[in-house]
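> Fold the following.
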Amino acid sequence: MVVPPGRHVCTGYVEMHRIRLANRSRMAVGDVDAAYRRQLSLGSSQAWPCPVGEWDGDWFVVLDGRHQKVAAEMLGMTHLLVAWMD
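So this is what the prediction gives:
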């Protein structure tokens with residue numbers, strides 16, 4: 001994420017059912033596995049840097065960090081820590 005002068009970066013937890021992926025192309029199994037193992041080692045905590053995206057109405061659209069989103073979903077997490085520019 002590139003943050004221009006005068007802009008603010010916000011973070012927060014978003015419910016999984018309110019998150020969409022901007023890039024829906026195929027993912028490498030190894031990349032998803034690495035994200036899964038990382039999240040598994042963190043337990044209920046979430047990693048930084050977190051997935052980055054933008055709000056589209058009531059939906060949060062992940063632009064970068066889709067592997068983390070999928071890994072968290074695979075582990076049954078209900079919320080995901082994300083970042084966006086205000």
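> can you list the residues that contact the helix ranked longest in the chain?
The longest helix of the chain (DSSP state H) is helix 29-42. With CB atoms under 8 Å, 6 or more residues apart in numbering as the test, helix 29-42 has contacts from 46-47, 67-68, 70-72, 74-75, 77. C-beta here means a position set from N, CA and C on the backbone, and glycine is covered the same way.
> Quick check: of the residues you listed, which lies closest to Met1?
Checking the contacts of helix 29-42 against Met1 by CB to CB gives Gln68 as the nearest, at 14.2 Å.
> And the longest helix of the chain, what's buried?
32, 35-36, 39 (16 or more other CB atoms under 10 Å).
> could these be laid out in a markdown table, adding pLDDT and distance to Ser25?
Below are those laid out as a markdown table (pLDDT from 0 to 100; distance: CB to CB, whole Å):
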| residue | pLDDT | distance to Ser25 |
| --- | --- | --- |
| Val32 | 97 | 13 |
| Ala35 | 97 | 16 |
| Tyr36 | 97 | 19 |
| Gln39 | 96 | 21 |
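> what's the closest of those residues to Val61?
Using CB to CB, the shortest approach to Val61 within those belongs to Ala35, at 18.3 Å.
> what mean pLDDT does stretch 45-64 have?
On average, the pLDDT along stretch 45-64 is 97.
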